[in-house]
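>>> next input, structure requested:
(2 chains)
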Amino acid sequence: MIPADGSLGFELVRLRRVVTSPIVARFRLRPGERALVAPGEAVVRGAPLVERIREPRTGVVDGPAGAEPGAWWVAPPGRRRSAVGAASGELLFRSGGRWRIGVGDPAEPLEAPFGGIVREVVPGSGLTVETPARALLGADVLTGSSIGRLHRIGPGDGQIRASEIDVGVAGMILVVGSHIDAEAITRARALGVRGIVVGGLGVKERREVLASERRGQAGVHGLPPFAVLVLDGAIGRPIATPVLDVLDALEGRLVGIVEDPACLVIDDPDVELPTPRADLVRIAAGPLAGAEGTWEGLAGPHRFAGGVALEAGLVRLGNRPAVPVPLGDLERFI
Amino acid sequence: MTPAPNVLAIVDAGRATTSVGLLARVGDQWRLLGSLAAPAGTSEEDLLAVLAARALRAGEGLAAQAELVPGALDAMPRLSARSRAPRTLLILAASRRAAGDLSAVALRTGWRVEVASTESHDPREMSELVLRRDVGAVLIGAGDPAGPDERSALDDLAALGGAAARRRPELHVLLGGAIRGRRAWFDALGEDPPGDPARFHEVPAARRAETRVREALERLLDDPADGRQRLGATAETLADLLDRRVELVEVGFEGGTRVIAEPGVAGGDPSSEAIVTAEGALVPPEPNEETVDSVLAWTTGSLDRHRMGDRLRDLRGRPWVDATGDGARLRLAAASAALARIAALTPELSRQPTPDVTVVAGGAFATAPPAAIALAVADTIRRPGVSQLAWDHARLLGPIGTIEDPAERGALLRDLLSDALVPLGSVVVTGGLGARRPGRVRDRSRAGRFELSVGGSSTSRDLAVGELAFIDLVPGARAEARIAFSEPVRFGRRMRHVTVAVTGGLAGLILDLRDVPLRLPERRDRRRTLLADWSAQAWPRDER
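Now for the predicted structure:
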């Protein structure tokens, strides 16, 4: 029997995994930063993982001739510090009889945003921690990792302004909707918010947030951890319902944001997370961007705006007749 | 004895999308029944199932019917090409000048290139770069003998490279020029360096032997299943089959290609010159200001830089999304910028005579209107002369290139020529006429007279300086174009009367009297007006 197109084609719609498990998170280590854990070690949430540094630079020390690059060097006791003021650092390479080392001023240590097992530590590069916890996947993360209680302050398709963020949300990770401007993020940071979850963040806002973060971290007292989890991309679009449902289920619970992979870690096995409807499709771009409906089957090649002929799927939005949408613009959820 | 298969699936698994073409034997010839593409990660089987179902519905009596029913699809033979995740090459040099020399060579390869020199980075920063896990190889180079600006830093550089090689046993290390013999390198590497000894490669100084450095870098990326790398082989086969000089330009998600192939002479094998470059990617991984400007230069819309940055970032993140309306135009502007980058990296290919056939390939063009594709090529890959344009619409050429045996490759391509390559038309480009005066987009200074003879009938028209015209000429139609210029123009050589054979296509005949190279006004409003005037002819009227 020849199957009709209506029974085929749903598999051609891009599958977006909302929640995944387990997670192997990677944390960056710069030369001069020291891992405080070893492979195989179990860590709990909040445990220090890495001794971060500010103003990283190169130091020159005598060091032992037979040492391996990457090893941690500590100045012998009783001797004066070298010209660069380094009491310790990471050995980089030896040239002209002296070692170049990576050094910097001590900064706030990196704390584990979830509990797990340290799998790998590579000095100067990174360390990985594995956890059986679940994670809500995003597109990317700015400014590192963080921990906090999740709190939604806006609708999934709206934009939050700076004036809507008050001191009552200090210490929390805020779900702010489809878009947020740099001013609101800066204010949130200043009020002690630990993280932002947003649908999209433009390149201008990214640049401003990163510049502000660099300035803050360069300060003598540093700043507490803060992270921005971007769920979709640069253009602000409503947060998909299956994602919003998961975020709603996590309201008030402690979660962590990690950078690699970009995700929100749910280190709480008791919380029950909703599963997305199997026939739900979301339109990710075009004039109907953000709309969600049900899959009605393949429409075949279809001519769209711009004189472009694309493979299309039929999507029913509410009670209206099904409309053809380019297959590439659709996503389904698991 | 197993009977010869009557169906074949051709799969091009790119980094952005997966394309599947379904072939069947019709008579004694392979024909393309259909093709379908979907975001990367979609299974080939699902794509194939849809194609097979359509073929069965459309082709009653097809000899291959039994091989297209759902249960039989798993057994269908496949010809597959895939793109691997791109790798990063880090160039370390003892001076900015040396780093620039090496970078110029490395950019003409499939590597993503990052550059650091002792003049621009301190040792800790260089160590951080070399320890990054996405860095697959490091090229440590210097002049041979080292220049006066390099000598003081050579030992530090050699020691840093040796230490990195000890810390990363999987890292490929290419040592160039005066670095090779430095004692600091051997001291840092130690007597028993970890990893495979074959990962250390010696290359000459970049200024002396650019080709050898490039070949050494390309060898590290060599992958017989990579469709992009095999496009050179396909172009050679195509040149041999058509007995024509063939140029192939390709823009994909992670890189681009430019190949010029010539048919074999006096029974000899065909030959080609090819550049595969990561710089030819539709959008680089982290689009910066330069990327934004390069795409804005080809757009007619009114996006500001931030908004364009957002669009490009999303195009990079989800390249299969938003391919209609403004998104289609943005995509083609990005493809034009990529073609311009490829052209800038391949001046030696641009200097060659105009090829008889120009083939456009790659996922960047997969969804664009044919005339807009032809315009993008005419805008960027410019030489005076006439060339027939064809489009690899089903992305078959890369996978066909993975067939090792040239005879087998030729047999399959011969069968598929008319199905795999959609004729876009012919493009006639002249140089030396000058450009339209800035601000006068309707300038009608008479440049000559054009006459097109198709069959027994002919049409003629006046030509204007700097004009771009799309003239209807249906696919398959052969015609003769005669142009009488009022003053000599460059058309291979300087001449006033040009008579050339042209063939039709979906875009027709493109008569391009704009300057070579294309000079666009610096002022953005004038540039946009000019681009809009040209693109109005290439894009469907209702979307202007």
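
>>> which pLDDT value belongs to B:Arg544?
Looking at B:Arg544, its pLDDT reads 40.

>>> A:Arg80 now?
For A:Arg80, the model assigns a pLDDT of 58.

>>> how about B:Ala178?
For B:Ala178, the model assigns a pLDDT of 82.

>>> skip the chain neighbours and tell me the closest residue to it.
Leaving aside its chain neighbours, B:Ala178 sits nearest to B:Ala146 (4.0 Å; criterion: C-beta to C-beta, 6 or more residues apart in numbering or on different chains). Backbone N, C-alpha and C define where each C-beta goes, glycine included.

>>> please report phi then psi for that neighbour.
phi -60, psi 140 (degrees, to the nearest 10).

>>> what helix or strand does A:Glu311 sit in?
strand A:308-316 (DSSP states H and E).

>>> show me what that strand is packed up against.
Counting contacts by 3 or more C-beta pairs under 8 Å, 6 or more residues apart in numbering or on different chains; DSSP states H and E, strand A:308-316 packs against strand A:280-283, strand A:292-304, strand A:323-326, strand B:29-39.

>>> let's see 6 Å
Taking 3 or more C-beta pairs under 6 Å, 6 or more residues apart in numbering or on different chains; DSSP states H and E as contact, the helices and strands that strand A:308-316 lies on are strand A:292-304, strand A:323-326.

>>> neighbouring strands - and their directions - for that strand?
strand A:292-304 (antiparallel), strand A:323-326 (antiparallel) (DSSP bridges).

>>> what comes up buried for that strand?
A:308, A:310-315 (16 or more other C-beta atoms under 10 Å in any protein chain shown).

>>> in TSV: those, plus pLDDT.
Below are the buried residues of strand A:308-316 laid out as TSV (pLDDT from 0 to 100):
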residue	pLDDT
A:Val308	90
A:Leu310	93
A:Glu311	94
A:Ala312	95
A:Gly313	95
A:Leu314	95
A:Val315	96
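
>>> how close does the residue nearest to B:Ala178 sit to A:Val167?
Applying C-beta to C-beta, to the nearest Å, the value for B:Ala146 to A:Val167 is 61 Å.

>>> out of the two, which sits in the busier spot?
B:Ala146 (20 against 9; other C-beta atoms under 10 Å in any protein chain shown).

>>> thought that one was touching B:Ile179?
No: using C-beta atoms under 6 Å, B:Ala146 is not in contact with B:Ile179, being 8.4 Å away.

>>> which residues touch the lowest-mean-pLDDT helix or strand in chain A?
None of the helices or strands of chain A scores lower by mean pLDDT, DSSP states H and E than strand A:159-160, at a mean of 84. With C-beta atoms under 6 Å, 6 or more residues apart in numbering or on different chains as the test, strand A:159-160 has contacts from A:154, A:176-177, A:179-180, A:184.

>>> need the worst-confidence member of those residues.
The member of those with the lowest pLDDT is A:Gly154, at 82.

>>> count of neighbours near that residue?
Neighbours around A:Gly154, by other C-beta under 10 Å: 20.

>>> now do B:Ala536
So B:Ala536, with other C-beta under 10 Å, has 13 neighbours.

>>> from the buried residues of strand A:308-316, pick the one nearest chain B.
The closest of the buried residues of strand A:308-316 to chain B turns out to be A:Val308 (C-beta to the nearest C-beta; 4.8 Å).

>>> may I ask you to confirm that the closest one is in contact with B:Ala328?
Yes: between A:Val308 and B:Ala328 there is a contact under C-beta under 6 Å: 4.8 Å.

>>> for chain A, what's the longest helix?
helix A:203-218 (DSSP state H).

>>> so which bits of that helix are buried?
Counting neighbours by 16+ other C-beta under 10 Å, one finds that the buried residues in helix A:203-218 are A:203-206, A:208-209, A:212-213, A:216-217.

>>> what residues does the stretch 101-250 of chain A put near chain B?
A:102, A:124-125, A:202-204, A:233-235 (C-beta under 6 Å from any C-beta of the partner chain).

>>> residues contacting B:Val11?
B:20, B:44, B:78, B:80.

>>> of the residues you listed, which belong to strands?
Of the positions in the contacts of B:Val11, B:20, B:78, B:80 sit in strands, assigned by DSSP state E.

>>> which non-adjacent residue is nearest the closest residue to chain A within the stretch 1-150 of chain B?
The nearest approach of the stretch 1-150 of chain B to chain A comes at B:Asp46, 3.9 Å away (C-beta to the nearest C-beta). In this structure, B:Asp46 finds its nearest non-sequential neighbour in A:Glu11, 3.9 Å apart by C-beta to C-beta, 6+ apart.

>>> does the one you found belong to a helix, a strand or coil?
Following DSSP: H, G, I helix; E, B strand; the rest coil, A:Glu11 is assigned to helix.
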